[in-house]
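1. curious how this folds, go ahead:
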Amino acid sequence: MFRLRHLLLFAFATPAWAADPLPAVGADVSQITVSGISSGGYMSVQFHVAHSSRVSGAGIVAGGPYECAQGSASRALSNCMAPDGNDPVPDTATSLGRVNEDAAAGRIDAPTGLSGDRVWLLSGGADRTVERPVVDALAAFYRTWISADALAYVKLPGAGHAMISADDPQANACNTSEPPFINRCETAEPPGTLFDAPGQLLNHLLGPLQAKAAEARGELISFDQIPFTDAADALGMSQTGYAYVPTGCRGQQCKVHVAFHGCRQSADQIGTTYVTEAGYNRWAESNRIIVLYPQTTPRYGWTWSGWWPRWVFNPKACWDWWGYEDADYATAKGVQIKAVMGMIEQLGQPAP
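-> Next up is the predicted model:
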């Protein structure tokens, strides 16, 4: 059942005018971590590779290797989601070739920046949207730079295409793949324990962490994304983004984690469900981690860019991992990556 309470809250709480500006909170933006599911997983890989000198770790649920789609929506749907003998997922050598080409052209950081980073991957046994060979290829890609103990690869039996959360009492059944793509799965050992994907990935990337808080008592901020999207010329992103700022994190050099939602999970589609129920905020509260939730929006048709219209085809509000925004979508020059980095930089400005 869809989250009626969150949709109603979103509908009646969202003003017709822009949200407040994203505040400067003096965050520590020297060692950023990122995570995401599906298109958000692909965006996490892109952001990590593009800014490897500043990103220290990535958690990916149902994502694949860097520049898998090679600018093609057709390849994205076949090679990078449901590969077969005719449309295989790119091998490691092909993916490394894309990285080396982009690095040589100055579009991304030198890939040596990936060495020493930490990566957490998850593939669901019932995921038929992004199939296991795609995540296997991502693991092989990362093993080029990352040691065995720094790379965790979880293969969760019975899990569908979704974020696996222990915090959402209305989450879907474990094997489902339907909106809002937040599932509840039990682990085999110990029996009856709920699998907590955000908790596992944050512990792997930043741990060991303190136990998650009983409640997320910090500030859930909605902010105006337009200054960042306009500066980057990004047309596929929403007017409003979100951030969770734990208690005591204004002016206190708290870490920053970016959580990229998946397709059909934006706030313009499911309200604040992903922001509040995916499972990050209670961990963030007890471990002084600011969680940034940037947002895309469904867009299908001609959209104005400066003086000229531009065609944007993204009806499911996916992050750009095949080039619907621009040819540089996977690099530091990509408009969505630039917009999100602008948000991170703002969080790092000294608090008033």
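2. center of the protein, which residue is that?
-> Among the residues of the chain, F260 comes closest to the average C-alpha position under CA atoms, centre = their mean, at 2.2 Å.
3. so what's it up against?
-> By CB atoms under 8 Å, 6 or more residues apart in numbering, the contact list for F260 reads V34, S35, G36, I37, S39, G40, G41, M43, S44, F47, P294, W319. Using the backbone N, CA and C atoms, a C-beta is placed for each residue, glycine as well.
4. tell me the contacts of Y153?
-> So Y153 contacts L121, L122, S123, V135, A139 (CB under 8 Å, 6+ apart).
5. closest to T272 out of these?
-> Nearest to T272 among the contacts of Y153 is L122, at 23.2 Å by CB to CB.
6. surely that closest one forms part of a helix?
-> No: per DSSP: H, G, I helix; E, B strand; the rest coil, L122 lies outside any helix segment and is strand.
7. is L121 in contact with L151, as I believe?
-> Yes: contact criterion CB atoms under 8 Å: L121 and L151 qualify, at 7.5 Å.
8. residue contacts, the closest residue to K316 other than its chain neighbours?
-> Closest residue to K316 apart from its sequence neighbours, by CB to CB, 6 or more residues apart in numbering: C263 at 4.2 Å. Applying CB under 8 Å, 6+ apart to C263 gives the contacts S38, S39, K316, A317, C318, W319.
9. name the helix or strand for C263, please.
-> If you go by DSSP states H and E, C263 is not part of any helix or strand.
10. picking that back up, which ones among the contacts of F260 map onto strands?
-> Filtering the contacts of F260 for membership in strands, criterion DSSP state E, returns V34, S35, G36, I37.
11. wait, the second one touches V45, no?
-> No: contact between S35 and V45 fails when scored by CB under 8 Å: they sit 10.5 Å apart.
12. quick check: neighbours shared by these two?
-> Shared contacts of S35 and V45, defined by CB under 8 Å, 6+ apart, are found at A58, I60.
13. which one of those two is surrounded by more residues?
-> Ranked by neighbour count (other CB atoms under 10 Å), S35 and V45 place S35 first, with 30 against 27.
14. thinking again about what came up before, among the contacts of Y153, which pair sits farthest apart?
-> Maximum pairwise distance in the contacts of Y153, criterion CB to CB, is 10.8 Å, between L122 and A139.
15. neighbour count: the two, which is higher?
-> L122 (26 against 18).
16. give me the beta-bridge partners of the more buried one?
-> Beta-bridge partners recorded for L122 (DSSP bridges): V61, V154.
17. show me the contacts for it.
-> L122 touches 59-62, 135, 153-156, 159, 164, 197, 201, counting by CB under 8 Å, 6+ apart.
18. buried subset of these?
-> The neighbour-count test (16 or more other CB atoms under 10 Å) applied to these identifies G59, I60, V61, A62, V135, Y153, V154, L156, A159, I164, A197, L201 as buried.
19. would you map the strands across the stretch 1-150 of the chain?
-> Here the stretch 1-150 of the chain has its strands, by DSSP state E, counting those that start in this stretch, at 28-37, 55-61, 118-124.
20. okay, those strands, which one's buried deepest?
-> strand 55-61 (a mean of 27; mean count of other CB atoms under 10 Å).
21. so F223: helix, strand or coil?
-> F223 is classified as strand under three-state DSSP.
22. for the remainder of this discussion, apply numbering that starts at 56.
-> All right, first residue 56 from here; so that's F278.
23. out of everything not next to it in sequence, what's closest to it?
-> Per CB to CB, 6+ apart, closest to F278 is L77, 4.0 Å.
24. D223 versus that neighbour, what's the distance?
-> Separation of L77 from D223 (CB to CB, to the nearest Å): 26 Å.
25. next: N336.
-> From N336 across to D223, the span is 11 Å (CB to CB).
26. K388 and R272, how far apart?
-> 39 Å.
27. counting neighbours, go ahead and name the busier of the two.
-> For K388 versus R272, the count of surrounding residues by other CB under 10 Å is larger for K388: 18 against 12.
28. list the contacts of that one.
-> R162.
29. swap in C135?
-> Here C135 is in contact with Y97, G119, C123, A124, V144, V185, V189, W376 (criterion: CB under 8 Å, 6+ apart).
30. top of these by number of neighbours, please.
-> The residue in the contacts of C135 with the most neighbours, by other CB under 10 Å, is Y97 (34 neighbours).
31. any chance of the strands of the stretch 56-205 of the chain in TSV, with mean pLDDT too?
-> TSV is the format used below for those (pLDDT from 0 to 100):
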stretch	mean pLDDT
strand 83-92	97
strand 110-116	98
strand 173-179	98
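32. nearest to N230, out of the ones you listed?
-> Here strand 173-179 is closest among these (CB to CB), at 8.2 Å.
33. export that closest one as PDB, just CAs?
-> C-alpha atoms of strand 173-179 as PDB (Å, rounded to 0.1, in the frame of the first residue of the first chain):
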ATOM      1  CA  ARG A 173      35.700   1.500   1.300                       C
ATOM      2  CA  VAL A 174      32.800   0.100  -0.800                       C
ATOM      3  CA  TRP A 175      29.700  -1.800   0.200                       C
ATOM      4  CA  LEU A 176      27.500  -3.600  -2.400                       C
ATOM      5  CA  LEU A 177      24.200  -5.300  -2.200                       C
ATOM      6  CA  SER A 178      22.400  -7.500  -4.700                       C
ATOM      7  CA  GLY A 179      19.000  -9.000  -4.000                       C
END
